[in-house]
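Q: here is my input, please return the structure:
(one chain, ligands or ions: 1)
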Amino acid sequence: MAQEITAEDIRARVRKLLEEAHPDHVDQFTFRGKQYDHGLAWVHFPEGYGGLGISPGFQAVVADELAKHARTNYEDMMVNPIGIGMGAPTVLTHGTEWMKKNLLRRIFTGEDIWCQLFSEPSAGSDVAGLATRATREGDNWVINGQKVWTSFAHISKWGMLLARTNPDVPKHAGLSYFLLDMQSLGVEVRPLYQMTGEAEFNEVFLTDVKIPADHLIGPEGEGWKVAITTLMNERSAIGGAGVPRKGSGSIGVLMNLWRSREKSGFAPESEVLMRERIAKLYIESELLRITSQRARAARKAGNPGPEGSVAKLVQADVNKRIWECAMDVLGPASLIYEPGYARRRPTSRAKESRTALAKYQFLRARANSIEGGTSEVMKNILGERVLGLPGEPRSDKDVPWKQIPRNG
Ligand SMILES: Cc1cc2nc3c(=O)[nH]c(=O)nc-3n(C[C@H](O)[C@H](O)[C@H](O)COP(=O)(O)OP(=O)(O)OC[C@H]3O[C@@H](n4cnc5c(N)ncnc54)[C@H](O)[C@@H]3O)c2cc1C
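A: Reported below is the predicted structural model:
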């Protein structure tokens with residue numbers, strides 16, 4: 001199939017899917033379940049696992065054809081961003097057969113929301129230095145520790161947990177990767193409120209939590225290798241979320257705000273400057289979109305390379321400038337709080353007016369250069385892995401983890 005398939009074949013498959021289950025007539029889970037069964041969830045995944053084993057470039061054809069014939073309000077990144085962007089490729093690359101059969105479809109439909117339990121109070125950029133311990137007791141692993149900034153933990157069924165199974169070896173070598181049932185006894189999730197007014201992320205306390213031994217993802221002690229798959233996919237997912245269409249996403253909202261602005265609001269000379277600023281942002285967004293598409297087309301199923309870091313680094317900067325510009329388009333109205341700003345605990349992306357969305361995104365975009373690895377860390381990765389510059393000094397690289405000085 002991989003050799004012969006054409007864009008027209010993919011369009012025909014999408015139309016067949018829509019005949020069987022149209023989003024106007026069935027719920028999200030049914031529609032997306034059928035999409036998975038037709039191999040149109042992640043076309044580059046193998047057949048039987050939501051894909052067709054073809055180039056990921058064809059995913060854009062699926063997105064375009066769906067946009068033409070079916071208006072859905074559940075784009076991938078809104079349904080289950082961590083499960084779809086990071087959990088699925090990790091399970092595909094390192095999971096057991098049981099995991100692939102039982103987890104992938106429910107990730108794609110959004111029936112099971114996923115979260116990522118990597119960061120800790122003293123281990124963010126240096127995540128390999130983490131302190132959460134996993135010790136083997138009979139058929140279980142027993143987990144004790146604390147995670148932080150865990151997005152969607154409050155609505156998750158499964159967590160991707162990185163924990164230390166051996167403190168006597170250097171930090172990267174002593175980690176293992178677990179599939180954690182978030183409803184297990186001893187998992188306590190507490191909200192952390194952001195300046196957007198939302199508590200999208202959480203602190204997670206793990207006290208004597210039992211994980212069955214067959215919920216290890218990858219071999220014991222090779223958690224870092226598995227985590228790299230998750231992190232590389234996270235960067236690609238954040239940098240080029242979904243398969244963006246030309247002029248869609250943040251830049252599309254900005255252009256619509258500009259078109260519908262109060263005509264009298266700007267002096268003629270300011271109009272010219274604003275037009276130039278928006279045109280420049282449009283060009284940058286388009287360059288980012290095309291670069292992300294090229295990177296996506298080049299990557300193997302489940303395993304993007306450092307190119308994801310390029311998109312993430314640039315996206316963080318462009319996105320911040322787009323929403324800053326949106327605030328200038330709104331003028332003084334940008335200073336007014338929207339009703340509903342008060343603390344909320346989202347279970348899904350709220351439907352908002354364009355103005356409310358812009359104000360929310362202006363605040364939310366501050367996190368773009370931190371989440372999924374900071375922009376400074378992206379520059380380190382690109383410097384070392386793409387440009388071949390000398391690596392940072394890493395004095396703790398060969399030292400047993402338990403001998404590395406740390407706080408607390
Ligand atoms: C909105 C949001 C959602 C998140 N969701 C999750 C999640 O679901 N799961 C999860 O596990 N984590 C999540 N995180 C955590 C995120 O991955 C970390 O915040 C990030 O990796 C940075 O770690 P830190 O906050 O500990 O900062 P630190 O690592 O302490 O960094 C502090 C500063 O030092 C700089 N710095 C650190 N090391 C270097 C270096 N080697 N070279 C140059 N500069 C350096 C950083 O760039 C930064 O400016 C989320 C964060 C945000 C903002």
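
Q: show me the helices in this structure, by range?
A: Here the chain has its helices, by DSSP state H, at 7-20, 28-37, 59-69, 76-79, 81-82, 88-94, 97-109, 223-239, 249-259, 268-298, 307-330, 354-364, 375-381.

Q: least reliable of the ones you listed by average pLDDT, please.
A: Between these, the one with the least mean pLDDT is helix 76-79; it has a mean of 69.

Q: export the helices of the chain as CSV, with columns for mean neighbour count and distance to the ligand.
A: The way it works is simple: take the backbone N, C-alpha and C, and place the C-beta from them, glycine included. Shown next, in CSV, are the helices of the chain (neighbours: other CB atoms under 10 Å; distance: least, CB to the nearest ligand atom, whole Å):
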stretch, mean neighbour count, distance to the ligand
helix 7-20, 16, 31
helix 28-37, 20, 22
helix 59-69, 18, 24
helix 76-79, 18, 14
helix 81-82, 24, 6
helix 88-94, 24, 13
helix 97-109, 19, 15
helix 223-239, 23, 8
helix 249-259, 18, 16
helix 268-298, 15, 20
helix 307-330, 22, 11
helix 354-364, 19, 8
helix 375-381, 17, 3
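
Q: let's have those in a markdown table, adding distance to residue 48.
A: Output for the helices of the chain, formatted as a markdown table (distance: least, CB to CB, whole Å):
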| stretch | distance to residue 48 |
| --- | --- |
| helix 7-20 | 15 |
| helix 28-37 | 9 |
| helix 59-69 | 18 |
| helix 76-79 | 20 |
| helix 81-82 | 23 |
| helix 88-94 | 11 |
| helix 97-109 | 9 |
| helix 223-239 | 20 |
| helix 249-259 | 32 |
| helix 268-298 | 22 |
| helix 307-330 | 26 |
| helix 354-364 | 37 |
| helix 375-381 | 34 |
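
Q: for the ligand, give me its nearest residue in the protein.
A: Per CB to the nearest ligand atom, residue 124 is where the chain lies closest to the ligand, at 1.8 Å.

Q: how about that residue, nearest residue that isn't a chain neighbour?
A: In this structure, residue 124 finds its nearest non-sequential neighbour in residue 149, 7.6 Å apart by CB to CB, 6 or more residues apart in numbering.

Q: please apply the same query to residue 285.
A: residue 251 (4.0 Å).

Q: could you do residue 69 as well?
A: Nearest one to residue 69, counting by CB to CB, 6+ apart, is residue 18 at 5.6 Å.
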